[in-house]
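>>> Quick one, fold the following:
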Amino acid sequence: MLKVIKAQGQALVSDSGRWGYQHQGVPVDGVLDSFSFNVGNRALGNLDNAACLELMGKFVFVSTQPGKVFMANRGAQGVLNGKRVYCGQVLYLQEGDVLAIEPPCLGLWTMLCVQGGIDVPIVMGSRSTCLAAGFGGLQGRVLQVGDCLQAGDEFQPALREDIRLAMPLATFDSSGALTVHCLPGPEFGELTDHSRQLFEEQLYTLGQQSSRMGYVLKGTKEPLKLSGTVSMRSHAVHPGVVQLPPSGQPVVLLCEAQVSGGYPRLASVLSSELGKFAQLRPGQGVHWVVVDAAQATRLQLRHSTELRRYHHVIESNRGESHVD
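Residues are numbered from 1 along each chain as shown. Below you'll find the model as predicted:
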């Protein structure tokens, strides 16, 4: 359905991830923002786990046959046949149409969902690209000029094309910083009293060395310190774990993170909040808020309620498919 005619950056095939193989050393991979991924697939009438594209940079596609696409992340922007298009709206592509995806105005990554999903082989229960091991996605690699992507044929009628959804905006405070809620990790208590207080009080900025494996957060006041030497064996980790390397600057593990590590685990980001990091750019700020189990449950329920609200709007505004 889509042929790549220009590629400046990195583009991957992704779905909800490769779960259940971490004990074998296989990373989860999958999308950075599961909320937008779910909404995008629902808007197109796809199965919830239909594979999409995640793009960083500028990419241009030509449509090889009629079909529908949906830019799912807040801040996404592109140009369809010379006309500017934005996130949250179903776009109907006819054969020969040219769609240019531009860098988003929020974060670094654009999520492009395709009606029927990207049709690539399922490997270990997922279509996601595992760059570290070179499998999954399209031949285990990033997209390049000349690649042709086919769409699946399992979908229902999509959201009407005259409806545009207001895709979720990660909450920023008045200073422009992102507020992220987390549960204390096993080694949070190993921080000095001053560092435990500092963890929530100081602003962190996203470092340039960040990647889909992990985002490095640099404290604007001072690094965090442990009360003593902590000797640890390697232990299991997962996306959302906040580690503290010797630099004293926290690292938030993301979708391509390793499955084990030996750094102290300061916190675990709520699963409903992890997608917020998809809207961050290097230099932007993060404030941590440590919550208990009851507060985390309330935040998770609020997240689920918001997702159901999007589902209701989509189900109430489905149209007929234009795909022949």
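
>>> and residue 166, how far is that from residue 306?
12 Å (CB to CB, to the nearest Å). Using the backbone N, CA and C atoms, a C-beta is placed for each residue, glycine as well.

>>> Comparing the two, which residue is more hemmed in?
More neighbours surround residue 306 than the other of residue 166 and residue 306, with 14 against 10 (other CB atoms under 10 Å).

>>> In space, what's closest to that one - neighbours in sequence excluded?
residue 168 (7.4 Å; CB to CB, 6 or more residues apart in numbering).

>>> Does the one you found touch residue 38 like I think?
No. The criterion here is CB atoms under 8 Å, and residue 168 misses it with residue 38 at 10.7 Å.

>>> before we move on, the earlier item: using the three-state scheme, assign the residue nearest to residue 306.
coil (DSSP: H, G, I helix; E, B strand; the rest coil).

>>> Name the residues that touch the longest helix seen in the chain?
For the chain, the longest helix by residue count, based on DSSP state H, is helix 293-315. Contact with helix 293-315 is made by 35, 38-39, 42-43, 159, 163, 165, 168, 181, 183, 270-273, 291, as judged by CB atoms under 8 Å, 6 or more residues apart in numbering.

>>> Report the buried members of the residues you listed.
Among the contacts of helix 293-315, those classed as buried by 16 or more other CB atoms under 10 Å are 35, 38-39, 42-43, 159, 163, 165, 168, 181, 183, 270, 272-273, 291.

>>> and the longest helix of the chain, which residues are buried?
Applying 16+ other CB under 10 Å to helix 293-315 flags 296, 299, 303, 307, 310, 313-314 as buried.

>>> looking at this structure, which residue lies furthest from center?
For the chain, the largest distance from the centre (CA atoms, centre = their mean) belongs to residue 228, which lies 35.4 Å off.

>>> Report the contact partners of it.
residue 190.

>>> Between all of the buried ones among the contacts of helix 293-315, which two are separated the most?
The largest separation in the buried ones among the contacts of helix 293-315, counting by CB to CB, is between 163 and 183 at 36.9 Å.

>>> Give me the distance between residue 237 and residue 45.
Taking CB to CB, one finds residue 237 at 36 Å from residue 45.

>>> meant to ask about residue 146
29 Å.

>>> what about those two, which has more around it?
residue 45 (21 against 9).

>>> Which two among the contacts of helix 293-315 are spaced furthest apart?
163 and 183 (36.9 Å).

>>> Was I right to think residue 206 contacts residue 217?
Yes. Shown here, residue 206 and residue 217 form a contact pair, counting by CB under 8 Å, at 6.4 Å.

>>> any shared contact partners between the two?
residue 286.

>>> hmm, back to that, mind giving me a markdown table with the buried residues of helix 293-315 and columns for distance to residue 79?
Formatted as a markdown table, the buried residues of helix 293-315 follow (distance: CB to CB, whole Å):
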| residue | distance to residue 79 |
| --- | --- |
| 296 | 41 |
| 299 | 37 |
| 303 | 33 |
| 307 | 30 |
| 310 | 26 |
| 313 | 26 |
| 314 | 25 |
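
>>> Residue 1: which of those is nearest?
For these, the nearest to residue 1 is residue 314 (21.6 Å; CB to CB).

>>> Now do the closest one, the pLDDT please.
Looking at residue 314, its pLDDT stands at 97.

>>> mind listing the helices for the stretch 51-200 of the chain?
Here the stretch 51-200 of the chain has its helices, by DSSP state H, counting those that start in this stretch, at 193-201.

>>> where does it have low pLDDT?
Along the stretch 51-200 of the chain, segments meeting pLDDT under 70 span 174.

>>> Apply 90 and report the result again.
Along the stretch 51-200 of the chain, segments meeting pLDDT under 90 span 171-176.

>>> Mind jotting down where the strands sit in it?
52-63, 67-71, 77-80, 83-86, 90-93, 98-102, 110-114, 148-149, 178-184 (DSSP state E, counting those that start in this stretch).

>>> May I have the strands that pair with the fifth one, each with its orientation?
The reference is to strand 90-93. Strand 90-93 pairs in its sheet with strand 67-71 (antiparallel), by DSSP bridges.

>>> what does the partner strand contact?
1-2, 40, 43-44, 77-78, 85-93, 99, 101, 110-116, 151, 158-159, 321-323.

>>> Just the pLDDT at the nearest residue to residue 272 once chain neighbours are set aside, thanks.
Closest residue to residue 272 apart from its sequence neighbours, by CB to CB, 6+ apart: residue 303 at 3.5 Å. Per-residue confidence at residue 303 stands at 96 (pLDDT).

>>> mind checking how far residue 303 is from residue 55?
For residue 303 relative to residue 55 (CB to CB), the value is 25 Å.

>>> go on, residue 202?
33 Å.

>>> can you check residue 167 too?
16 Å.

>>> and those two? which has more neighbours close in?
residue 55 (29 against 25).

>>> Residue 62: which of the contacts of helix 293-315 is nearest?
Of the contacts of helix 293-315, the one sitting nearest to residue 62 (CB to CB) turns out to be residue 43, at 22.8 Å.

>>> and that closest one, what does it touch?
Applying CB under 8 Å, 6+ apart, one finds that residue 43 lies in contact with 70, 72, 90, 113, 158-159, 165, 314.
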